[in-house]
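>>> A predicted structure for the sequence below; I have some questions about it.
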Amino acid sequence: MKNISFLFALAFTLFMASCQKEEVNPVDPSKPIEELTVSNDFKWITSQSVIIHVKGLPTPVPVRNVLVIRTPDGSEILKIFHEMSKDVTLDVTLHSVYSELYLKYGALQLTSPIKDGKAEFSLIPSKK
Amino acid sequence: MKKTSVFFFALIMMGLGGRLNAQQLILDFESGNENIELANCWAFGALAYISNAALTPNLALNGGWAGRTKPLTNLNQNACWIKTPWILPYSGNITFIARLTAVNGTLRGIRLSYISYNPNSSNSSKENTPVEFYSWNWPSINLGLYTITAPMPAAIANSGQPYKILVSFVGTGGNSRALVDDMVFPGQYWSDPSSNCLAQSVIADADGDGVGDQDDEYPTDPFRAFNNYYPSSNGFATLAFEDNWPNKGDYDFNDVVVDYQLNRVTNSQNQLVEVLGTFVLKASGASYKNGFGFQLNGIPSDKVIGVSGTNLGSTTYISLMSNGLEAAQSAANVIVFDNFTDIMQHPGIGTGINTDPTHPFVPYQTLNVTLTFMNDGTPAVGGPVLLNELPISSFNFYIIVNQDRGREVHLADYVPTNLANPAYFNSGQDDTQPGQGKYYKTSNNLPWAISLLEGFDYPIEKVGIDKAYLHFVEWASSNGELYPNWSENDEGYRDNTKIYYPPSAK
């Protein structure tokens, strides 16, 4: 009986642990900077680089227009003259607080979340 | 004034569902994705794409896909229909094939209408009322394949005006549908998929570079089209360095403080014409005579025609090539200045410049540096550089400590230049590990330089950044997840007694 109780308690603990959302370790803000140990991949910058993939729309004739990438505050951070049927990959840098990007191509306006340093846009509508 | 269109017309057939040769617009449904045709300004009412594989073999039309209407039980021309994009109609026959899906119903027919363009219409589609010009009924309700041939009306053929053709499927009784395929319309595609599918218009393009004047930031310069600012057209980012590398510093990050804005100017081919860098020298909390520059990672020196606007004094520790880039470097290196104190004079008291609020303020100094990649459309001998080849992350900024050319301090994990002295690595507190991509960090990954996109009010002399910015430690320890806006001047974010503010900001 004891064994069963122990196994149940262990399983319950593991279950709860697995459900717990991974949280950032609490930090003592009073810790001097010299004593900090930070992640190996931390870059010490307040910006993020985002790779943007834009999927083109096959068109019956070549169509070119201005493609603009904007941050949520409306700042234009990249502008190219783009042929609509071509796929293109772009590399932009913006503040790390932003979690989405806006694309404007002629009259088309699209939004993409930023996930793992990437944003995806398609000039082909996903539905009617 | 030169005028041109944003459209360039293909003279060859393209492998698309909605496609065009020089004289014809074709809809064969073979894209299998009606969203592609919809985005190309076709429109469908109660009609969907269907794979021939989904039809019984006796009903299949040509290729892999066709269009199928809903049951034809309505004589209204707006019940089941296909509408072309705007075209400039030519003379000739409109043709397509059609068959019914079942032998039932009283009447089945096809009507063709044209729609003229009214740019002044309040209707967003700018369409006038359809005008019917062709009518055909199935001679009997059967499963036979019919080829429909209708001449383009003389009233619109070769008129030079944009029209749409509306193909309507009508009927009464029963539930049979129509299948349709291989639609051919004599005419030239004249819609703009990037502008709400309106008829394309001739746009003003004074310099003839293909970019319309309303979008061209250099409308009278054929060699320039766009500005690409970083961090923004009216903002500056900040670089803040510690200069005691490879030994640990005092983390006040004010030994060299430079604000900067970059503008990558491109042409209509998205090639770099020039990079305009504005560098504002703000502080030097150091006794060293430090220089500052940047490497364009991945860009060879022979891609740059010239550099201007730098400030290289009488010191001789920097060697330049004829184009103004630093010599003996495999990647392009610009030395913006070789000695901070040549540009901003020491106030005569204390150690540094603009780091102690009790000492006289020295006005900031600005250097406007231009890197030229193309002259009147001609690139450097190494060829053109595309905007994509020089993202902001390729700008590798660094200081040169006390005129010792090999003693560079870069942002964390940015590579040293060819002229960095490798003897410094792994000495002092430096724990550079090239094999792991780790550069200019200590064993616990602390840096000697930071970069803030939003600008930065740096700490006063000898005060660690963690004492001036009250959430800096949490930001760093959380890998940037907590307090990503730690440098803002919000309540509880700063100890303003430990931050240097110029007199104008007080």
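That came through fine. Small disclaimer: the values here were computed from a predicted structure and weren't measured. Numbering: from 1, shown residues only, chains lettered A, B, ... in the order given.

>>> in chain A, what residue comes closest to chain B?
Closest residue of chain A to chain B, Cβ to the nearest Cβ: A:G106 (3.0 Å). Glycine gets a C-beta too; all of them are placed from N, C-alpha and C.

>>> that residue reaches B:C197, doesn't it?
No: between A:G106 and B:C197 there is no contact under Cβ atoms under 8 Å: 10.3 Å.

>>> about what we covered before: quick check: closest non-adjacent residue to the residue of chain A closest to chain B.
B:S194 (3.0 Å; Cβ to Cβ, 6 or more residues apart in numbering or on different chains).

>>> the one you found: what secondary structure?
In three-state terms, and counting by DSSP: H, G, I helix; E, B strand; the rest coil, B:S194 is coil.

>>> could you check how far B:S308 is from B:Y218?
Distance of B:S308 to B:Y218, given as Cβ to Cβ, to the nearest Å: 19 Å.

>>> of those two, who's got more company?
Taking neighbours as other Cβ atoms under 10 Å in any protein chain shown, B:S308 and B:Y218 compare with B:Y218 leading, 20 against 11.

>>> list, one by one, the residues from the stretch 151-300 of chain B near chain A.
B:189, B:192-196, B:210-211, B:215, B:225-233, B:235, B:237, B:248, B:251, B:266, B:268-270 (Cβ under 8 Å from any Cβ of the partner chain).

>>> selection in PyMOL covering whichever of those are buried, please.
Listed next is the PyMOL selection for buried residues among those, using 16 or more other Cβ atoms under 10 Å in any protein chain shown:
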select buried, chain B and resi 189+192+193+194+195+210+211+215+225+226+228+229+230+231+232+237+251+266+268+269+270
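
>>> now for B:L419, how many residues are close by?
For B:L419, the neighbour count with other Cβ under 10 Å is 18.

>>> tell me how far B:I499 lies from B:N76.
73 Å.

>>> okay, the two: which has more neighbours?
Using other Cβ under 10 Å as the criterion, B:I499 and B:N76 rank with B:I499 on top: 21 against 10.

>>> against chain A, how distant is that one?
Distance of B:I499 to chain A, computed by Cβ to the nearest Cβ, to the nearest Å: 16 Å.

>>> bridging residues for that residue?
B:I499 has the following beta-bridge partners by DSSP bridges: B:P459.

>>> show me what contacts it?
B:I499 sits next to B:457-460, B:468 when contact means Cβ atoms under 8 Å, 6 or more residues apart in numbering or on different chains.

>>> mind running it again at 7 Å?
Applying Cβ atoms under 7 Å, 6 or more residues apart in numbering or on different chains to B:I499 gives the contacts B:457, B:459-460, B:468.

>>> check A:T46 too.
Counting by Cβ under 7 Å, 6+ apart, A:T46 touches A:95-96, B:452-454, B:484, B:487.

>>> what's the answer for B:P231, then?
B:P231 sits next to B:237, B:453 when contact means Cβ under 7 Å, 6+ apart.

>>> swap in 8 Å and give it another go.
Applying Cβ under 8 Å, 6+ apart to B:P231 gives the contacts A:47, A:75, A:95, B:237, B:261, B:453-454.

>>> before we move on, what about B:I392?
A:47, A:49, A:91-93, B:230, B:262.

>>> what does B:L239 give?
Residues in contact with B:L239, defined by Cβ under 8 Å, 6+ apart, are B:256-260, B:397, B:411, B:449-451.

>>> make TSV out of those residues and add secondary structure, neighbour count and pLDDT.
Below are the contacts of B:L239 laid out as TSV (DSSP: H, G, I helix; E, B strand; the rest coil; neighbours: other Cβ atoms under 10 Å in any protein chain shown; pLDDT from 0 to 100):
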residue	secondary structure	neighbour count	pLDDT
B:V256	strand	28	98
B:V257	strand	25	98
B:V258	strand	24	98
B:D259	strand	20	98
B:Y260	strand	22	98
B:F397	strand	21	98
B:L411	coil	21	98
B:A449	strand	24	98
B:I450	strand	24	98
B:S451	strand	23	97
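
>>> and the furthest pair within those?
Spanning the widest gap among the contacts of B:L239 are B:D259 and B:L411, at 15.2 Å by Cβ to Cβ.

>>> how long is stretch B:114-130 from one end to the other?
Its start and end residues considered, stretch B:114-130 measures 5 Å (Cα to Cα, to the nearest Å).

>>> same check on stretch B:429-438?
In stretch B:429-438, first residue to last residue: 13 Å (Cα to Cα).

>>> partners of the residue lying closest to B:A412 once chain neighbours are set aside in the sheet?
What sits nearest to B:A412 in space, not counting adjacent residues and going by Cβ to Cβ, 6+ apart, is B:P447, at 4.1 Å. Beta-bridge partners for B:P447, by DSSP bridges, are B:K441.
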